[in-house]
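Novice: Structure for this input, please:
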Amino acid sequence: MKTTIKKALAALLALTLLLCAAPFAFAAEDDVTVTLLFSHGDKICLIPEFTVADGTAEAYGYTVAETDPTGAPVSGVTVLDALVALHEALYGDAFTAETAGNYLVVAADTGYITTIDGVVTGNVGFTVNDVQVHDDELSAWGYYTGFSCHQAVLEDGDMLNVFFYQDSMGLDFYPTIAAPAQVEPGEDFALSATGYSIGWYGCSPQDTIAEMIEPLEDAEVVVFSDDLKTVTPLGTLDETGALTISFEEAGTYWVGVRGEEAGESGVPVILNAVCVQAGTDEPPVDEQPSLFQRVINAVKDAVQKAIDFFRSLFDTIAGFFK
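Specialist: Residues are numbered from 1 along each chain as shown. Presented below is the predicted three-dimensional model:
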């Protein structure tokens, strides 16, 4: 009899531990953490660790595609989920399921964006890891089929760049930035950038893109402020698309390239950015964990207390049957 009761209590404790651990398994499976860069004229938002949950878009009434252009099921966190989460971050409590259409409108069937950041326009684009997301099947016109925001899926560690085109026909150049990831404080290093008209050639074969790439002479090099919402100019790229810069203080710097007229084509340059670590890679001592991380930490504490309680209860009850 004692053995049976002990086994039952042990099973109860195991079930409790399993239920307590379940929320973490669910969260890990349904969330992704990406770097998000958004630019709308002088309005800039860079979030290095942006956690987005699967289902965010649907919670506000948006529609995620069932399949992508290849016919594969769309599963996981989409760019549309990230766009909705971005508007949550930008507008806070003003962005609700009832008011979402004032800020972000995306066609349910095509996934085309017709309003973003409260502006009625379709002259917007996005890249994932500096590439327009597309399939690998060339059409009769010589282009791949691009993925709409409700079809493109994000993975942990991706960089999502969402931007307004400055040119009315979307001729803007998208910059590819070359810079060392790690430098010494006070040490000069070279940053360079090339670009091509991504709105026209982003879904072209790589050999076609290569023919369109040019150095981004006269494009502006900027460094992001601590709040990652404003930038300070560092200089402009020379005729080879390069600039020598340095950072005197140790720390993490986000360096961007943008412009109104650059390269031989003299077209606008979309804001893009890379991270450069000067000296130590330790985070600032006053850096606070994100809201998501604080919530996770609080839940972990609660779960641990529950585990400790049931373990103590098990030991107490089991003691009566020794």
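
Novice: so what's Met159 up against?
Specialist: Contacts of Met159 were listed using C-beta atoms under 8 Å, 6 or more residues apart in numbering, and they are 34-37, 128-130. (C-beta placed from N, C-alpha, C; glycine too.)

Novice: and what of Gly170?
Specialist: Residues near Gly170 by C-beta under 8 Å, 6+ apart: 123, 125, 197, 199-200.

Novice: For it, give its distance to Tyr201.
Specialist: For Gly170, the distance to Tyr201 (C-beta to C-beta, to the nearest Å) stands at 11 Å.

Novice: next one: Thr33
Specialist: Summarising the geometry, the distance separating Thr33 from Tyr201, computed by C-beta to C-beta, is 30 Å.

Novice: okay, now Gly111: neighbour count?
Specialist: Residues contacting Gly111 under the criterion other C-beta atoms under 10 Å number 20.

Novice: Assign it to helix, strand or coil.
Specialist: Reducing the assignment at Gly111 to three states with DSSP: H, G, I helix; E, B strand; the rest coil gives coil.

Novice: so who does it touch?
Specialist: With contact taken as C-beta under 8 Å, 6+ apart, Gly111 is in contact with 65, 80, 148-151.

Novice: sorry, back to before: any quick ChimeraX command for the buried ones out of the contacts of Met159?
Specialist: For anyone working in ChimeraX, the buried entries among those, judged by 16 or more other C-beta atoms under 10 Å, can be selected with:
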select :34,35,36,37,128
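
Novice: Now render the contacts of Met159 as CSV, adding distance to Val84.
Specialist: Output for those, formatted as CSV (distance: C-beta to C-beta, whole Å):
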residue, distance to Val84
Val34, 14
Thr35, 17
Leu36, 12
Leu37, 17
Val128, 16
Asn129, 21
Asp130, 23
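
Novice: What is the nearest of the contacts of Met159 to Val222?
Specialist: Leu37 (12.4 Å; C-beta to C-beta).

Novice: leaving aside the residues next to it on the chain, what's closest to the closest one?
Specialist: Nearest residue to Leu37 in three dimensions, chain neighbours excluded: Asn161, at 4.7 Å (C-beta to C-beta, 6 or more residues apart in numbering).

Novice: Contact partners for that neighbour?
Specialist: Contacts for Asn161 were tallied using C-beta under 8 Å, 6+ apart; they are 37-38, 126-127, 130, 270-272.

Novice: Partner strands of the strand or helix carrying it and their direction?
Specialist: Using DSSP states H and E, Asn161 sits within strand 159-164. Pairing partners of strand 159-164, with direction, according to DSSP bridges: strand 31-40 (parallel), strand 124-128 (antiparallel).

Novice: and it, C-alpha only, in PDB?
Specialist: Coordinates of each C-alpha in strand 159-164 appear next as PDB, following Å, rounded to 0.1, in the frame of the first residue of the first chain:
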ATOM      1  CA  MET A 159      17.600  40.600 -40.000                       C
ATOM      2  CA  LEU A 160      14.400  42.100 -41.300                       C
ATOM      3  CA  ASN A 161      14.700  45.500 -43.000                       C
ATOM      4  CA  VAL A 162      11.400  47.300 -43.700                       C
ATOM      5  CA  PHE A 163      11.600  50.600 -45.600                       C
ATOM      6  CA  PHE A 164       9.800  53.200 -47.600                       C
END
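
Novice: Which parts of this protein belong to which domain?
Specialist: What the record gives for the chain is the domain set 1-164+288-322, 166-285, from automatic domain parsing.

Novice: could you dump those to a markdown table with mean pLDDT?
Specialist: Written out in a markdown table, the entries for the domains of the chain read as follows (pLDDT from 0 to 100):
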| stretch | mean pLDDT |
| --- | --- |
| domain 1-164+288-322 | 82 |
| domain 166-285 | 94 |
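
Novice: Which parts of the stretch 101-250 of the chain are helices?
Specialist: Counting by DSSP state H, counting those that start in this stretch, the stretch 101-250 of the chain has these helices, from start to end: 198-201, 206-212.

Novice: And the first one, what does it pack against?
Specialist: Using 3 or more C-beta pairs under 8 Å, 6 or more residues apart in numbering; DSSP states H and E, the elements in contact with helix 198-201 are strand 124-128, helix 206-212.

Novice: and among the ones you listed, the most buried is which?
Specialist: strand 124-128 (a mean of 21; mean count of other C-beta atoms under 10 Å).

Novice: and for it, what are the contacting residues?
Specialist: Outside strand 124-128, the residues within contact range by C-beta under 8 Å, 6+ apart are 79, 113, 116, 132-133, 149, 152, 154, 158-165, 170, 174, 198-199, 202, 270.

Novice: Now that we have the contacts of Gly170, which of them are buried?
Specialist: Members of the contacts of Gly170 that pass the buried threshold by neighbour count (16+ other C-beta under 10 Å) are listed as 123, 125, 197, 199.

Novice: Tell me which two of those sit farthest apart.
Specialist: Of all pairs drawn from those, the widest gap by C-beta to C-beta lies between Asn123 and Ser197 and measures 13.6 Å.

Novice: need the buried ones among the contacts of Gly170 in JSON lines with distance to Leu90, can you?
Specialist: JSON lines is the format used below for the buried ones among the contacts of Gly170 (distance: C-beta to C-beta, whole Å):
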{"residue": "Asn123", "distance to Leu90": "19"}
{"residue": "Gly125", "distance to Leu90": "18"}
{"residue": "Ser197", "distance to Leu90": "28"}
{"residue": "Gly199", "distance to Leu90": "24"}
